[in-house]
Each structure stands twice: as C-alpha cells, then as structure tokens.
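K.L.:
Fold the following.
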Amino acid sequence: MHPLDTRASANDEKIVLATVLFCAVFLSIKYFPGLEGGFYAGFSINAIYPELMANDPVVGNMSSSAGSPYKSTIFYLFPKIFGDIWLDDRFIAGLYILMVATAFLAADRIAVALGAKGVFERITILLFFLKDHQILDNVVIFAHNPDFNHSALALPIGLWLLYAAISGRNLWIVIGLSLLLALVSVQVAPFTAGMALIAAAVIGRRRDRIIVTVLGIGGTAMLLWALFFYIQVPREDWNSIWNQLTVQWYEGMVLPFDTRFTGLGKVLSGNLIFAFILGGVLLWPAKSRPALKATRAVTALSLGALLILGLYGQFAPDGWKVPQLLLFPVARQLQYPQILASIALMVILFRWVESTGGVKQTVVAGLVFLVVLVSGPGNFDLWIGLSALSMAVSLLALYVLWRRQPGFALSPPAPGASVGAFLVGSHRQIICLTFTLTMSVAMAVGAWQKLPAWQFLARTGIHGASENARWIGVTQYIKDNTSIDAVVLPMRIAAPNEVRPGVRQSENLVPRRSIASRSGRALPLPLMLTRGLNLKYFEFVGRQNRLLETITTNWMTGNTALVTEAIFRLDLVPDYLVVPSAVVGRMDPGVLPYSAKKEIGGFTVLRRNRDGDVTPAITK
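P.N.:
As a prediction, this is how the structure comes out:
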C-alpha cells in the first residue's frame, strides 16, 4: 500500500490544530463525567489497592472475565501506575482532554485522507463532532460522557486505526493498532478491527489481501472458540439468557428495530438517518480515490451488519438465539463506521458542489449539512432554530463582505455577479461560519452551565456534576472509619430521570454504586454480566434487585419491619447504611438494627448494631 500525501500549508495546520484544541477543551468542559460514577465504580481503586472490594459482587475476585470485558482491558494499568492521583478528577480531566483531542486529530486526518481541502472544510468537519450524533443506541461523540473508563481510550485508538486503514498505511501498523484496541476494549475490537483490515485489503496489494485473509480466518476461529468454548453456557439456558439480555440489559443496542425502548418515532428516524448517511457515501457519485473506496467497503459491510444482525436480534426463532453473540451488540459496533461515514459524506458534498458549480447543488448540499448537523439527541427545535439563525447570519455577513471584496478568502464577484454566484463561490465559508456560530453558542452555554461543577472540581478534586459529588465527605468518612471488608449500602433521592412512574421525585430512594469509587468498600449491588452468561446468577441478581426495591420503597413509607427483613435477606448484609438525613426518621429505631453514627453533607451514616446480626423473626 502507498500512503497518501496529506500535507497542507503550515498556516492551515496551525489553524486546524488550534481548532482541535478548542473543540477538545470545550467538549470536555461540557461532557467530562468525572471518575467512575456507575457500572465501573470501584475498578480504579481496586486496581490501586487490590485488597479492597474483594467481596464486592462486581469488582471483587469472583467476577468473571469470560463475560465481563472490563476484566480483560489494560486500561486499569494506568491507575496501578499513577496511584492515588488517579482518584483526583483534576488529574484525569487532563488525560480526558488529551484523549478527546487525539480523537479530533484522528478525525481531521481521516477527512484529509478522504479529500477534504483547505482550512474551511477541515474546520467544518471538526465542529460537526461538537454535537452528539447518536442516532442508534450507541455513543457517537468524542468525549465519552457515560463514564471515564476504557471506552474513553478505545475511541481515539479506533479512529486512528480507521485512518491508518483507509489512508494506505503499512498493514503492520493497522494490525498493531488492532491489537492495541483489543487490549483496551475486547468488546469493540472484533468488528472495528475487522472492518479496518478489510478496508486495508481493499486498497492494498495482493500480499496484504493474503495476510488479511489469513488473519480473518484465524481471528474468526479464535472468536468462535471464545464464544462457544471459553464462555461456557448450557444450551438449555440460551433462550432465557437471550430474553433477559435483550430486554433488561442491551435493549436497543442489539434490537435496533424494536420500538419498545425508545418509541416508533426514534426507531424510524434513527435508522433512516443512519441509512441515509452510510447510503449516501456508498451510492453518491464521486471520484473513487483509494480512501473513499476503502470507506465505501466499510459502509457497505456496516449497512449489511445493521440489517442482518438487527433482523436476527428481532426475529430469531428460539432455536437460533445464541446469547454469546449479544456480547458484541450491533448498534455499538456501528459507532466507528458512522463517524467515518459522516466525515466521508461531508467531504463528498464539498467535492460535489466544487465539481458541478450549480446553485441547486449548493443549496441541496447546504440543507444536507444542516440535517446531519442537528441529528442526534438534544432539543431538536432549539438545534434547528440555532442552526437556521446561524446560517442566516452567515449568509448576510458573508454576502456583505463578498460584495465589498475584502479578501477574506472569498471569491470576488465578477461584474453583474448574482447571488447564485456568491453561494457557489463562497459555500465553504458559509457552511464553516454556520457551524462555527452554532457550536460556539452551544459550547458557550454548555461551558457556562458546567462552570460551577469545574469550580467545585478545582476546590475538591471531584467534578461537581459527577455522581461522586453527591457523596462528598461521606466516602472519606467510610474509608477512614470502616474495615476494608465492610459492606455499605448507599441510597439517595432519585434524580428526575430515575423516578418511578406515578411517584413524586422526593419519594424515590435509589441505591447507587458510585460511592465505591473512592471509598473502596463492597456494595450489595450486583450486576448481571459480572459472572458471565450465567442464568442462575441472572436470577440471583433479579432477586437481589427486588429486595433492594423493597428496601427503598418501604423506607419511604416507613415500614421498618419490611425494610429490616429485606436487608437481612441480601446476599451481602450491609454493615453500614448511607441514607439522606431527611428520611432517616422514617424508620423505627427500636426495630431497625442500625444506629446513626455521623451526619455528613445531608447524608447520615448508620452502623449495624453489634447485637443485630441475628434477629429471631428474620431468616436469611
């Protein structure tokens, strides 16, 4: 394979680099989630101090690497190396910004490889990714906002892998990046690495195609061995596990055509926009340069995967349901192809207008740019209004500049030139300024809203908008005043998006794992996949979750007897409870075998009474 010449002028590179830094900083300000606030809570502190959380049902020594990809990632070598500083959000915020910047830089390299010309086109493509474009059940944004975990590192690696593949880099670089991606995220790697290797083979030499074929056969064999022999699942459990995973865990990630989870409107719009973006790249007439040829191979395979695997997940008869395949949910695997196709579509639109020079084509291209820009989650009306207003301002401002011939990289008007000539000659600047105004306003609003959270971070080392900020002070008290094998059950008032139907927000109590991130104590809060594809464990988790719901619901209604009974039926009976101080008094202290020890930041820590281990009226 022969690398493409992707050099540009020194000034362009400086401007693009400044844009990359701008995008990385502001996107991180808006989306930085802080250290482990959900599923992954406790993994970092366990990596630093392996003796902590040994009995935790998620982080502890009993969880299975066969069904839990996080057990196989090298990501947690970083907290081992850096130690306690990894638990400070001020430190990991810097790493987070670096990862986001690396992803933006990869996107720019992909754009140039696909044929993006000049600074305006490249800036437009970078600004596009300041918005989340999740249209399927995945995350299509360079700032991984659900949590700070291995996925935040996998994203830039995956993008650089695709760049190396489509730009004709040495095949061994593609293979090396594929292996690195597998070491970081075994769940994402098979599909992404497979697509990259196929792309490299499409534009490579015969030797490359032979190597990719051998690797493909060997990799497929290893994957099948892992799915059907390493991950041992009794055949009689397949259907039950399948049904629980699709409905209670992955949902739309494996059932992209199912309307139960997000509704008919979102399912239709998401799949249609996804098909439009990838189909546009695949079918739009354009010169087939090697990078675009490789990208079209990826888009074709991705569309086929969505159709075949989506229909398989939705309509597979019982005898064909293989739950091991659900460990690689189709919607999540299409995250990288969607990013690649979005970049390619924007480049194709620019080249289309350039080659045709028609006013109609310019208007169509502008409308397509606006459609793909506003696609994804968020207030659709606000995004439409903001982008339309930005385009109107851009058209007016640039038209005035164009008429006055001030330079500004605009094509000067010829005598008697029309508005159409302005649109065609200045379309790059119009689109770029529209995106700049839209995203500047959006990022400014986001930064302003998150300013208190970052001020809190500067003072405390914990991001103020993170889940961990709720437990400020409580985690340190637990860490300092409990034994390392203590079990803690933390509960807090539900956030608006966690409220059960028909119940006021203030009357919703929910247990959460985030307190483990810095306390390092086990929690009686199991999750389904931490013992692999184990039906008995799935059922056990279901029973534990029902007990936890009994505890939280009856705590709010003041039924101390039911709360106490449910607590002692948990597999891990908590030594400590953490509850909002405002609702501690709803329990009868003569019945509940816990006593208040400390009130911190609106929460009360209760310790189990020494004579409360055995309660005659309760059987575990």
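
K.L.:
Now the closest residue to Leu159 other than its chain neighbours: which helix or strand?
P.N.:
Leaving out its chain neighbours, the residue that sits closest to Leu159 by Cβ to Cβ, 6 or more residues apart in numbering is Ala106, at 3.7 Å. C-beta here means a position set from N, CA and C on the backbone, and glycine is covered the same way. Per DSSP states H and E: Ala106 is located in helix 89-114.

K.L.:
any idea which helix or strand comes after that helix?
P.N.:
Defined by DSSP H and E, the subsequent element after helix 89-114 is helix 118-128.

K.L.:
Would you indicate which residues of that following helix are buried?
P.N.:
Neighbour-count burial for helix 118-128, counted by 16 or more other Cβ atoms under 10 Å, picks out Val119, Phe120, Glu121, Arg122, Ile123, Thr124, Ile125, Leu126, Leu127, Phe128.

K.L.:
what does stretch 79-93 give?
P.N.:
So, applying 16+ other Cβ under 10 Å, buried residues of stretch 79-93: Pro79, Phe82, Trp86, Leu87, Asp88, Asp89, Ile92, Ala93.

K.L.:
same thing with stretch 12-30?
P.N.:
In terms of neighbour count (16+ other Cβ under 10 Å), stretch 12-30 has its buried residues at 12, 15-16, 19-20, 22-24, 26-30.

K.L.:
Of all those residues, the one with the weakest confidence?
P.N.:
The lowest pLDDT within these belongs to Asp12, with 86.

K.L.:
follow-up on the earlier one: what's the burial count for the residue nearest to Leu159?
P.N.:
23 (other Cβ atoms under 10 Å).

K.L.:
Find the residue ranges of the stretch 1-150 of the chain scoring beneath the pLDDT cut-off.
P.N.:
Low-confidence segments of the stretch 1-150 of the chain (pLDDT under 70): 1-8, 61-71.

K.L.:
could you give the angle of the lengthiest helix in the chain to helix 89-114?
P.N.:
Counting residues, the longest helix in the chain under DSSP state H turns out to be helix 427-460. When axes from the mean of the first three to the mean of the last three Cα atoms, to 10 degrees is applied, the directions of helix 427-460 and helix 89-114 differ by 160 degrees.

K.L.:
For the helix or strand where Ile343 lies, buried residues please.
P.N.:
Applying DSSP H and E as the criterion places Ile343 in helix 335-356. Within helix 335-356, the residues scored as buried using 16+ other Cβ under 10 Å are 335-354.

K.L.:
isn't the residue nearest to Leu159 right up against Leu155?
P.N.:
No. Judged on Cβ atoms under 8 Å, Ala106 makes no contact with Leu155 at a distance of 9.0 Å.

K.L.:
can you count the residues close to the nearest residue in space to Ile211 that is not next to it in sequence?
P.N.:
Distances taken as Cβ to Cβ, 6+ apart put Leu171 closest to Ile211, at 6.2 Å, once the chain neighbours are dropped. Around Leu171 there are 22 other residues, counting by other Cβ under 10 Å.

K.L.:
Dihedrals phi and psi, Leu171?
P.N.:
Torsion angles at Leu171 (phi, psi; degrees, to the nearest 10) stand at phi -60, psi -30.

K.L.:
how much space between it and Ile157?
P.N.:
To Ile157, Leu171 is 17 Å away according to Cβ to Cβ, to the nearest Å.

K.L.:
okay, the worst-scoring helix or strand of the chain on mean pLDDT in PDB with CA atoms only?
P.N.:
One helix or strand of the chain scores below all others by mean pLDDT, DSSP states H and E: helix 419-425, with a mean of 79. Provided in PDB are the C-alpha atoms of helix 419-425 (Å, rounded to 0.1, in the frame of the first residue of the first chain):
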ATOM      1  CA  VAL A 419     -26.500  35.800  -5.500                       C
ATOM      2  CA  GLY A 420     -26.100  32.300  -7.000                       C
ATOM      3  CA  ALA A 421     -22.500  33.000  -7.900                       C
ATOM      4  CA  PHE A 422     -22.000  34.100  -4.300                       C
ATOM      5  CA  LEU A 423     -23.500  30.900  -2.900                       C
ATOM      6  CA  VAL A 424     -21.400  28.700  -5.200                       C
ATOM      7  CA  GLY A 425     -18.200  30.600  -4.800                       C
END
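
K.L.:
And that helix, what's buried?
P.N.:
Using 16+ other Cβ under 10 Å as the burial criterion, the residues of helix 419-425 that qualify are Ala421, Phe422, Leu423, Val424, Gly425.

K.L.:
show me what contacts the residue nearest to Leu159?
P.N.:
The contact partners of Ala106, by Cβ atoms under 8 Å, 6 or more residues apart in numbering, come to Pro156, Leu159, Trp160, Leu162, Tyr163.

K.L.:
related to what we said a few turns ago, what helices or strands is the helix holding Ile343 leaning on?
P.N.:
Contact here means 3 or more Cβ pairs under 8 Å, 6 or more residues apart in numbering; DSSP states H and E; on that basis helix 335-356 packs against helix 89-114, helix 118-128, helix 150-166, helix 189-203, helix 264-283, helix 290-315, helix 359-374, helix 427-460.

K.L.:
nearest to Tyr576, of these?
P.N.:
helix 427-460 (22.5 Å; Cβ to Cβ).

K.L.:
Pull out the buried residues from the closest one.
P.N.:
Going by neighbour count (16+ other Cβ under 10 Å), the buried part of helix 427-460 is 427-439, 442-443, 446, 450, 453-454, 456-457, 460.

K.L.:
Next, the angle from the helix holding Ala106 to helix 118-128.
P.N.:
Interaxial angle, helix 89-114 versus helix 118-128 (the same axes, to 10 degrees): 130 degrees.

K.L.:
Let me know the secondary structure of the residue nearest to the spatial centre of the chain.
P.N.:
For the chain, Val139 is the residue whose C-alpha lies nearest the centre (Cα atoms, centre = their mean; 4.1 Å). Recorded secondary structure, Val139: coil (DSSP: H, G, I helix; E, B strand; the rest coil).

K.L.:
I'd assumed Asn145 was in contact with it.
P.N.:
Yes. At 7.4 Å, Val139 and Asn145 qualify as touching, with contact defined as Cβ under 8 Å.

K.L.:
residues shared between the contacts of the two?
P.N.:
Asp132.

K.L.:
Distance of the residue nearest to the centre of the chain relative to Phe538?
P.N.:
25 Å.

K.L.:
Next: Tyr40.
P.N.:
Counting by Cβ to Cβ, the separation of Tyr40 from Phe538 is 20 Å.

K.L.:
Looking at those two, which is more packed in?
P.N.:
A direct count of neighbours by other Cβ under 10 Å for Tyr40 and Phe538 places Tyr40 higher, at 24 against 20.

K.L.:
Which helix or strand contains the more buried one?
P.N.:
Here Tyr40 is covered by no helix or strand, with elements defined by DSSP H and E.
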